[in-house]
Every structure is written in structure tokens, then in C-alpha cells.
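Participant: Whatever this is, show me its structure:
(chains A and B)
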Amino acid sequence: MKDVEIFKAELGTEANLKFADGGIHAGFPSPAQDYIEDGIDLNKELIRHKASTFYGRVVGDSMVEVGIDEGDIIVIDKSITAVEGDLVVCYVDGEFALKFLRIENGRLLLCAGNRAYEPIEITNGDDFRVWGVVTYTIKKRNNRV
Amino acid sequence: MLYGLMDCNNFFVSCERVFRPDLEGKPVVVLSNNDGCIVSRSNEAKEMAIPMGLPFFQLRDHDPLGQVTAFSSNYVLYADLSKRVMSVLADMVCETMPYSIDECFFTLDASHGKAYEIASSIPARVRKWTGIPVSVGLAPTKTLAKMACRFAKKYKGYNNFCAIDSAEKLAKALRLVKLEDVWGIGRRTIKTLNKAGLFTAADFCNSSEGQVRKLLGINGLRTWKELRGEDSVKSDSVTDAKQSICTSRSFAEMVTDVEDLRPMVANFASQCASKLRAQGSVANIVSVFVSSNAYREDLQQYSNICNVALSEASASQIDIVRAADRGLLSIFRKGVAYKKAGVILSGIAPEAPRQLSLFAQTDFSQAEKKERLSKLIDKINGAKGMNKVHLASQMPHIENNDGKEETTAIFLNNLRRDHISPRYTTDWNDIIRVKS
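Facilitator: Residues are numbered from 1 along each chain as shown, chains lettered A, B, ... in the order given. Alright, predicted model coming up:
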């Protein structure tokens, strides 16, 4: 009988140990730790300018044909200058409204994404302003969450 | 190097208007805590001769037709928009030095000839990005930048921007400005100066150095130098802006460890709180800012500000230091060498009468004061039953359960916020409704 039995080390598998976040203060930050901390941040993806980004909630059905429904969240960036075709939040008749900006024959039109709604023409006397340009719409797809 | 000052126009009112564009061009006021008195007025309200500080219940006397829209103060909203405004500015200029919730000094490099162009584009950029109208002044010193900003705000023709960038413009500006409107000239010293026959900034500037020193001492000399275009106001100071208190400091050696920074910021906060109590006021917003050394381009550049809206207006050391610490931790970034930090208190209002009686004796040392307070609390609790009075700092939120509300009532006095706007930018339930 042998005094010592030698076992072969099993090297075929890996155990992943998570770094204890914040537990190490000295020296260079570990690249692995950075990897864990970063993750995917929706704020970074959806917001280009934090200072000029605001959120709004959709009320009404004038955009249902372009996939925007009541309750959806819209991301609005005020820093962007609106151009024709943009989906914008404008302030008209005392409320915020979601519209497509169109220019036809020199006329400025606010259009809906629903054939049931007629375009609204903006003329000089109207109290109208573009408040911000919509950059994303966020829609809930599962009512259990 | 050139100094600039950015000042938000009628800031609290402007914040309300961002989400109520229908109120552009109409008289609007914002009320202090408890809807007590008017703390911010739109230009239209100023034109109606509605005075600052007017008790809300007297508004009808000045507004018989009921044209004025009044808002309760929504400090959470103002804190958020202030941060946005400062951040847009910080991206455009060399260095920023926040001075109050709605004012910020900045520097621009004068050597490449673009300073004027950059500074003049600030108002339009800030307005577009955040909805807040601002005025900007540009000049060789802080005192002159402040003066330029006054011109920018006062005269429409300037389009919210005025630069004092030539000898002719400087001479003209000094002639036009009365001494009481010069930054750094106090109400008390104005009498001394008037008696000596000095009424305009130009009169003051043309006095001899010796005369100024004799009349006002070293502080007056600093202002005198600044008006003559010589940069003399150090950025390290405790300053009083309109309705705000700021304590800030540049560090001799740069600070990298958060544990070194926290006591410093706590100290600034504590100094601000002492000053606040000495003038018998309470604050609603505690701001903390930090910045790296803008002149060390070899190092990582970072500056940020955090505005903490207190759940209730307070002058308590504990509340203010704690808010400042929380703010610091939220903006502290590892790996940055910090050159400067500071604390600003804003949304300042007179203390409620009941609180005043507790803190009014400002001559007492901290320990004695605390003792007096504790004794008083004990006395009230003894007479009224257990736990009727707490330190306000023990009450993080007013929306507690019923039992706690009762105990805080003595401080809060049934706070009125009848006209408060939604928290459009900080609460998902309050974001704007957009009709489609």
C-alpha cells in the first residue's frame, strides 16, 4: 500500500467567480471587474444628450397605424432641430401633441399616423411650436411585467 | 482669459413655463414654501408692479382681474432643470464655477479669438436644449461679467448676450451703472461712497487707490481693481448671491480619494448651514459640485453638479450636511483628480415662526444651541406627551404614516402646496402627456 495517493488535477472545467464589486481599492482596476460593471445600459443607447432629453406618455389613437399606441413612452430630445418628416412633440391649442411634420407646397402640415385624422395646417396666426423631436418610442409588450 | 456669467432669467418661473408653453408672455409667479409669498416673477408680473416677497393673499390687490398664474414651489423640478442648464454650459466653455442654482461663472480662452462667438451662442443653445432662457455677460473680470450680464438681461436689443470687450464699451458701461448695482458693493458701503460724492461705477473707478482703500478697505479695493479690468476676485469664498449661499474652495493639492473629499464637502455644507441660520432662513435645495483642474489637459477632465431637493425646507446642520454628502457620492467618479468642490444652498426662505423661536439666538455656540434645543424639545414633549417633537432631521419624508405626520405637524404647520406642478422630469407618473 502506498503512503500517498496522487490524484490528477481536473482541469477540464472552469468555475467562474464573480468579483466582489467595490471590494478592491488598491492598484489598477481589473478588466474583468469592468466587464461585470458595464453591462448594457439603455440610458446610453437611447439618450444622446442627457441635458436635453425628456420623456412623455402617449394619450390617444392618432398614431396607431405607425405602431404608437396609448400608454407608450416617447423619448424626446429638445436639442435636435426638427426637419420635414420628423415625429415631433409640438405644443398646439394648449396641449402637447404628437405629430409628423410635413411640408406640402409651402404649407406646414401636422399629420397623424391614422387615416381617421385629417392633417392640420399651421398658419401664421396659430400658437404653435415644436417642443422636441421624438427619438424613440417604448412599448410594453407583456402585461405580466 | 475671459470671464463669463450665465444667469437664468426668472428661473423658477421659467422652469414652470418649460412644460406650460401657453404661459409664455403671461404673468406668472412662484410662491415660497407653504404658498406664503412670491419668490419668482415673470417679466409680465414685474410690469404689473407685483413686488418680490409679496404675501400670496395680497396678490389680488395687485391683480384685480386674476390674470396671474401662481405656482407653489416645485424644488425637485427646479433642481433637475438647473443641472441640465449647467451641463449644457459646461460642454461649451473651459471651466464652470456654479454660483447659485441659476447662476454660473465660467471662463473661456481668449487667445484663439472664439470666446465671443462661443459665449454669444450660449443663450440660444441653453434655451433650445432645456427650454430655459438665460442671459450671458462676457468680460475680463467676474465683476465686469456680472455687469455685462445685467445689460444683457435688461435691454432686449442685446439678445441675452453682452460683452464688455473694449475700452470704449467698458467706459460706457461704467458710466451707466450705479454703484449700488455693482457686484461686491454692499448696501452699507453705498452710503459711505455717496457721501464721498461717488455715485456711478465710473466715479468709483476714477477714484485713487488710496481713497478707495481709505473708504472701503481691502475688499473695496478688490472691486475697484475688478472694475478696472484686473482679475482680483478669488474663486474661493463664501458668497451671497440673490437668495443663495455658496461655499467653495480650490485645493492646494488635488484630491482623488472620496474619503478625503467627504469631510471637506461636509465642512462647506456646515459653513453654509451656519450662515443660513444666522440670517434666520431655511433652504430647499442643497447643491454639490466638483471639478478637475481645467488647466491640466493631461489629466482626466470631469466636472459635475448634483442638486438635492430637501423633502422639507431646513436650516438643520444635520439635514444639509447629509444632503451634501449624498450629492457628493452620486457624482464622485473614481480616477479623477479633483481641484475644486463647493456647496450651494438655494431656494432660501424665511424660517417658519415656530422654528425661528428655536434657533433665533445665533450667538450661542453650536453645543449650547443644541443643548438649548434639546431642552426645549424635552420640555414640549414633557408637557404634550411623548414624541410630539422631533428634530426635523429625523424626519426624512413628510409622507409618512399617520402617527408620524402628527409628530411632524409642529414643524410643518400643514404645509400648503395648492398650486404645485407635476414632477415632469423626475417621476414616471408625472411625465408630460402627449396627445396623439
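
Participant: going forward, measure contacts and count neighbours with C-alpha atoms only.
Facilitator: OK.

Participant: Chain B against chain A: which residues are in contact?
Facilitator: Proximity of chain B to chain A (Cα under 8 Å from any Cα of the partner chain) is limited to residues B:21-22, B:83-85, B:87-88, B:128-130, B:425, B:431-436.

Participant: Among the residues you listed, which ones are in strands?
Facilitator: Judged by DSSP state E, strands contain the following of the residues of chain B next to chain A: B:432-435.

Participant: quick one: contacts for residue 82?
Facilitator: Using chain A. For residue A:82, the contacting residues are A:88, A:130, A:132-133, by Cα atoms under 8 Å, 6 or more residues apart in numbering or on different chains.

Participant: The chain in question should be chain B.
Facilitator: Contacts of residue B:82 by Cα under 8 Å, 6+ apart are B:101-102, B:307.

Participant: Can you give me the buried ones in stretch B:328-341?
Facilitator: Neighbour counts over stretch B:328-341 (16 or more other Cα atoms under 10 Å in any protein chain shown) mark B:328, B:332-333, B:336-341 as buried.

Participant: Check stretch B:261-279 too.
Facilitator: Buried-residue list, stretch B:261-279, by 16+ other Cα under 10 Å: B:261-262, B:264-277.

Participant: Can I take it that residue B:106 is in a helix?
Facilitator: No: applying DSSP: H, G, I helix; E, B strand; the rest coil, one finds residue B:106 to be strand, outside a helix.

Participant: Tally up the residues packed near it, please.
Facilitator: 24 (other Cα atoms under 10 Å in any protein chain shown).

Participant: dump the residue contacts of the nearest residue to it once chain neighbours are set aside.
Facilitator: Excluding its sequence neighbours, the residue lying closest to residue B:106 (Cα to Cα, 6 or more residues apart in numbering or on different chains) is residue B:96, at 4.3 Å. Taking Cα under 8 Å, 6+ apart, we find residue B:96 in contact with B:89-90, B:104-107.

Participant: Try it again at 7 Å.
Facilitator: B:90, B:104-107 (Cα atoms under 7 Å, 6 or more residues apart in numbering or on different chains).

Participant: what does residue B:434 give?
Facilitator: A:56-59, A:96-98.

Participant: re earlier: so which of the contacts of residue B:96 would you say is closest to chain A?
Facilitator: Nearest to chain A among these, counting by Cα to the nearest Cα, is residue B:90 at 11.0 Å.

Participant: Please report the distance of the closest residue to that closest one other than its chain neighbours from residue B:115.
Facilitator: Of all residues not flanking residue B:90 in the chain, residue B:96 sits nearest, at 6.1 Å (Cα to Cα, 6+ apart). As judged by Cα to Cα, to the nearest Å, residue B:96 and residue B:115 stand 14 Å apart.

Participant: so where is the stretch 51-200 of chain B shaky, pLDDT-wise?
Facilitator: The stretch 51-200 of chain B contains no residues with pLDDT under 70.

Participant: Domain ranges for chain B, per the record?
Facilitator: B:177-232, B:237-350, B:353-412 (automatic domain parsing).

Participant: Determine which of the ones you listed shows the lowest mean per-residue pLDDT.
Facilitator: Sorting those by mean pLDDT places domain B:353-412 lowest, at a mean of 43.

Participant: coming back round to it: now render the contacts of residue B:82 as TSV, adding distance to residue B:418, secondary structure and neighbour count.
Facilitator: Converted to TSV, the contacts of residue B:82 look like this (distance: Cα to Cα, whole Å; DSSP: H, G, I helix; E, B strand; the rest coil; neighbours: other Cα atoms under 10 Å in any protein chain shown):
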residue	distance to residue B:418	secondary structure	neighbour count
B:101	24	coil	31
B:102	25	coil	25
B:307	24	strand	27
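
Participant: ok, now how distant is the residue nearest in space to the middle of chain A from residue A:134?
Facilitator: The centroid of chain A falls nearest to residue A:46 when counting by Cα atoms, centre = their mean (3.7 Å). As for residue A:46, its distance to residue A:134 is 11 Å (criterion: Cα to Cα).

Participant: With residue B:84 instead?
Facilitator: 19 Å.

Participant: Helix or strand: which one has the residue nearest to residue B:90?
Facilitator: strand B:95-100 (DSSP states H and E).

Participant: Partner strands of that strand and their direction?
Facilitator: If you go by DSSP bridges, strand B:95-100 pairs up with strand B:103-108 (antiparallel).

Participant: With just CA atoms, put the strand it pairs with into PDB.
Facilitator: Output in PDB follows, covering the C-alpha atoms of strand B:103-108 (Å, rounded to 0.1, in the frame of the first residue of the first chain):
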ATOM      1  CA  GLU B 103     -26.100  81.500 -12.000                       C
ATOM      2  CA  CYS B 104     -22.800  80.100 -13.100                       C
ATOM      3  CA  PHE B 105     -19.500  81.800 -13.800                       C
ATOM      4  CA  PHE B 106     -17.300  80.400 -16.500                       C
ATOM      5  CA  THR B 107     -14.000  81.000 -18.200                       C
ATOM      6  CA  LEU B 108     -13.100  81.000 -21.900                       C
END
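
Participant: How about it, which residues are buried there?
Facilitator: B:103-108.

Participant: what's the answer for stretch B:147-163, then?
Facilitator: Those would be B:147-153, B:159-163, for stretch B:147-163 by 16+ other Cα under 10 Å.

Participant: Equivalent analysis for stretch B:30-42, please.
Facilitator: Applying 16+ other Cα under 10 Å to stretch B:30-42 flags B:30-42 as buried.

Participant: now, the most widely separated pair of the residues you listed?
Facilitator: B:34 and B:42 (20.1 Å; Cα to Cα).

Participant: Return the distance of the residue nearest to the centre of chain A relative to residue B:110.
Facilitator: 36 Å.

Participant: got it, and residue A:40?
Facilitator: 41 Å.

Participant: Neighbour count for these two, which is higher?
Facilitator: More neighbours surround residue B:110 than the other of residue A:40 and residue B:110, with 13 against 8 (other Cα under 10 Å).

Participant: List the contacts of the closest residue to that one other than its chain neighbours.
Facilitator: The shortest distance from residue B:110 to any residue other than its chain neighbours is 4.9 Å, reached at residue B:1 (Cα to Cα, 6+ apart). With contact set as Cα under 7 Å, 6+ apart, residue B:1 has these partners: B:107-110.

Participant: if we can go back for a sec, so which of the contacts of residue B:434 comes closest to residue B:297?
Facilitator: The closest of these, once distances to residue B:297 are taken by Cα to Cα, is residue A:56, at 39.1 Å.
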